[in-house]
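What shape does this take:
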Amino acid sequence: MQARSASTTWTNWAGTATARPRHTAHPRDAEEIADAIRTAEREGLPVRAIGSGHSFSAIAATDGMAIDLTGCSGVISADPATGLVTVHAGTTLNRLNAELDRLGLAMTNLGDIDKQTVAGAISTGTHGTGARFGGLATQVEALELVLADGSLLRCSTEENPEEFAAARLGLGALGVLSSVTLRCEPAYALEANEYPAPLEEVLERFDEFAEGNDHFEFYWFPYGSKALVKRNNRLPAGSECSPLSPARKFWEYQVMENLAFGTVCRLGRAVPSLVRPLNWLSSELLSPRSYSDRSHRVFVTDRQVRFVESEYAIPRDAVCDVLRELRAALPDLEHPVMFPVEVRVAAADDVWLSTAYGRDSAYIAAHQFVGMPHRHWFDVFESVVGAVGGRPHWGKMHRCNFEILTGRYPKLAEFRCVRAKLDPTGRFRNAYLDRVLGEI
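Below is the predicted model of the structure:
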């Protein structure tokens with residue numbers, strides 16, 4: 001018998017969404033997921049799956065039955081010859097990376113946070129960076145979905161292909177993912193080259209950097225003139241790695257990026273007049289570093305400083321104009337911005353609700369330190385990126401509704417048709433889905 005807890009308050013990582021589900025189920029497999037869904041049906045409750053709570057939006061919130069997938073974890077099967085690995089959907093990316101490494105495999109691309117579950121990551125459109133690479137959903141080869149009636153639906157390009165097209169980035173609107181098959185590749189190493197550079201130089205060379213590196217991104221402190229450029233490139237098979245020494249790694253990540261930066265942020269929150277000089281100083285103190293390591297150790301960063309975030313994908317050729325417009329808007333903001341802006345890139349893909357559907361994209365992420373005013377900054381940001389057809393990251397904060405998104409996602413109508421077929425009574429709906437997908 002699966003565990004089920006009584007009503008408790010659920011809060012996401014950033015504290016931007018809270019809910020009080022009537023029940024929280026803790027299934028260990030697809031059968032127990034189905035049991036929880038049938039219980040919800042008998043009691044007339046909506047159902048949402050929850051993972052690590054790392055989405056900034058209220059996509060997982062429910063006052064009905066919350067299905068905590070973290071107990072559905074681990075590798076089910078793996079074939080190193082083909083690179084196909086099937087995992088329970090509640091497996092965290094952190095655990096997945098460790099398991100793959102032991103198998104001599106790796107994900108083709110990753111974001112810089114590994115706390116999410118596989119289900120949460122692919123269902124919200126989690127992505128890394130790289131002009132030739134897509135988000136995590138593009139690495140999905142097959143999946144199993146527990147539907148509103150408790151039945152199990154297997155999907156791939158050969159089996160239920162229309163449902164697969166929708167479910168590999170399904171927002172949790174079609175059912176509860178129980179397992180996911182990922183196409184991985186032989187383990188590889190990345191050479192990381194990180195250094196500060198003038199923002200204008202980075203913008204002028206943006207296409208060169210994007211096309212000339214496997215994985216390229218940069219961070220820009222809004223009141224500074226410099227950006228931190230990050231260029232990660234694959235090393236030939238068998239290359240020796242030169243990771244940061246334990247002492248250097250501790251200094252760079254634990255002391256500087258977490259302890260020191262967290263202290264600076266708290267000081268800026270306490271004394272807002274110091275935000276601009278502190279932000280400028282953070283930009284000036286950026287330092288270069290070069291190292292190489294197993295791919296997941298380079299992709300992923302341990303982030304302990306909490307923040308709120310809004311992120312949009314825009315056409316890649318619009319990124320420089322958008323950043324200059326955001327820079328020009330800074331003096332008129334009601335409150336100063338403590339956190340840097342992050343810029344990444346991705347290849348066009350064919351995933352229906354992917355933010356990169358049908359177009360090469362640049363991702364721009366606006367942040368603010370948790371507890372500091374962010375609304376005006378995010379409103380300005382959304383206005384600027386919206387003017388170029390920006391598509392919001394489903395797991396980040398945004399104000400888009402169904403009417404707006406209909407004009408930005410060419411396959412939204414097809415997705416709604418699959419949703420109506422698989423969940424005709426709206427068992428998996430919540431307020432967030434009603435806003436972005438329209439009511440059933």
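
which stretches of the stretch 151-300 of the chain form strands?
Shown for the stretch 151-300 of the chain, the strands assigned by DSSP state E, counting those that start in this stretch span residues 152-156, 176-183, 185-186, 189-198, 215-220, 226-234, 289-294.

avg pLDDT for the third one?
The average pLDDT for strand 185-186 rounds to 97.

now that strand, how far from the centre of its chain.
Distance of strand 185-186 from the chain centroid (Cα atoms, centre = their mean, to the nearest Å) equals 22 Å.

Return the residues in contact with the residue positioned nearest the centre of the chain.
Nearest to the geometric centre of the chain sits Thr126, at 3.1 Å (Cα atoms, centre = their mean). Applying Cβ atoms under 8 Å, 6 or more residues apart in numbering, one finds that Thr126 lies in contact with Gly111, Gln116, Gly120, Gly135, Leu136, Gly395. The C-beta positions use only the backbone N, C-alpha and C, and glycine is treated the same way.

Repeat that for Leu412.
With Cβ under 8 Å, 6+ apart, Leu412 has these contacts: Trp352, Leu353, Leu405, Thr406, Leu437.

contacts for stretch 256-270?
With Cβ under 8 Å, 6+ apart as the test, stretch 256-270 has contacts from 274-275, 278-279, 281-282, 301-305, 336, 338-339, 369, 371-372.

Kindly recompute the last result at 6 Å.
Residues outside stretch 256-270 that contact it (Cβ atoms under 6 Å, 6 or more residues apart in numbering) are Leu274, Val275, Leu278, Gln304, Val305, Met338, Phe369, Gly371, Met372.

tell me the two of these that are most distant?
Using Cβ to Cβ, those reach their maximum pairwise distance at Leu274 and Gln304, which is 21.5 Å.

neighbour-wise, which of those two wins?
For Leu274 versus Gln304, neighbours defined as other Cβ atoms under 10 Å are more numerous around Leu274 (16 against 11).

Next one: that one from Glu284, what distance?
Taking Cβ to Cβ, to the nearest Å as the measure, Leu274 and Glu284 are separated by 15 Å.

Helix, strand or coil: sort out Glu342 for me.
strand (DSSP: H, G, I helix; E, B strand; the rest coil).

how much space is there between it and Thr425?
For Glu342, the distance to Thr425 - Cβ to Cβ - is 40 Å.

now swap in Val255 and tell me
The value you get for Val255 to Thr425, if Cβ to Cβ is used, is 53 Å.

Next SSE downstream of the longest helix that the chain contains?
Longest helix of the chain, by residue count under DSSP state H: helix 30-43. Using DSSP states H and E, the helix or strand that follows helix 30-43 towards the C-terminus is strand 47-50.

Could I get the CA-only coordinates of whatever helix or strand comes next after that following strand as PDB?
Sequence-wise, the next helix or strand downstream of strand 47-50 (DSSP H and E) is strand 65-68. The C-alpha trace of strand 65-68 is given here as PDB (Å, rounded to 0.1, in the frame of the first residue of the first chain):
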ATOM      1  CA  MET A  65      -4.700  15.300  -5.000                       C
ATOM      2  CA  ALA A  66      -0.900  16.000  -5.200                       C
ATOM      3  CA  ILE A  67       1.100  13.100  -6.500                       C
ATOM      4  CA  ASP A  68       4.600  13.300  -5.200                       C
END
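
Beyond strand 65-68, next helix or strand please.
Next helix or strand after strand 65-68 toward the C-terminus (DSSP H and E): strand 75-79.

Same question for that following strand: list its buried residues.
Residues of strand 75-79 classed as buried: Val75, Ala78 (neighbour count, 16 or more other Cβ atoms under 10 Å).

from the middle of its chain, how far away would that strand be?
Relative to the centre of its chain, strand 75-79 is centred 24 Å away, using Cα atoms, centre = their mean.

Kindly report the same for stretch 104-123.
Distance, stretch centre to chain centre, for stretch 104-123: 9 Å (Cα atoms, centre = their mean).

Also stretch 281-300?
20 Å.

Compute the first-to-last residue distance for that stretch.
25 Å (Cα to Cα, to the nearest Å).

what's next to that stretch, contact-wise?
97, 106, 110, 114, 188-196, 221, 224, 226, 228, 232, 241-244.

Report the buried members of those.
97, 106, 110, 114, 188-194, 196, 221, 224, 226, 228, 232, 244.

hmm, back to that, closest to Arg316 among the contacts of Thr126?
For these, the nearest to Arg316 is Gly135 (14.6 Å; Cβ to Cβ).

Just give the number of residues close to the closest residue to the closest one other than its chain neighbours.
Excluding the flanking residues, the one nearest Gly135 by Cβ to Cβ, 6 or more residues apart in numbering is His127, at 3.4 Å. If you count neighbours by other Cβ under 10 Å, His127 ends up with 28.

same question, Glu32
21.

Residue ranges of each domain in the protein, please.
3-69, 73-186 (automatic domain parsing).

between the ones you listed, which gets the lowest average pLDDT?
domain 3-69 (a mean of 93).

Any chance of CSV for the contacts of Leu412, columns pLDDT, distance to Ser151 and secondary structure?
Formatted as CSV, the contacts of Leu412 follow (pLDDT from 0 to 100; distance: Cβ to Cβ, whole Å; DSSP: H, G, I helix; E, B strand; the rest coil):
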residue, pLDDT, distance to Ser151, secondary structure
Trp352, 98, 22, coil
Leu353, 98, 23, coil
Leu405, 98, 29, helix
Thr406, 97, 30, helix
Leu437, 98, 22, helix
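
And those residues, which of them are buried?
Trp352, Leu353, Leu405, Leu437.

Would you mind giving the residues you listed as JSON lines with distance to Ala66 added?
Converted to JSON lines, the buried ones among the contacts of Leu412 look like this (distance: Cβ to Cβ, whole Å):
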{"residue": "Trp352", "distance to Ala66": "26"}
{"residue": "Leu353", "distance to Ala66": "22"}
{"residue": "Leu405", "distance to Ala66": "25"}
{"residue": "Leu437", "distance to Ala66": "20"}
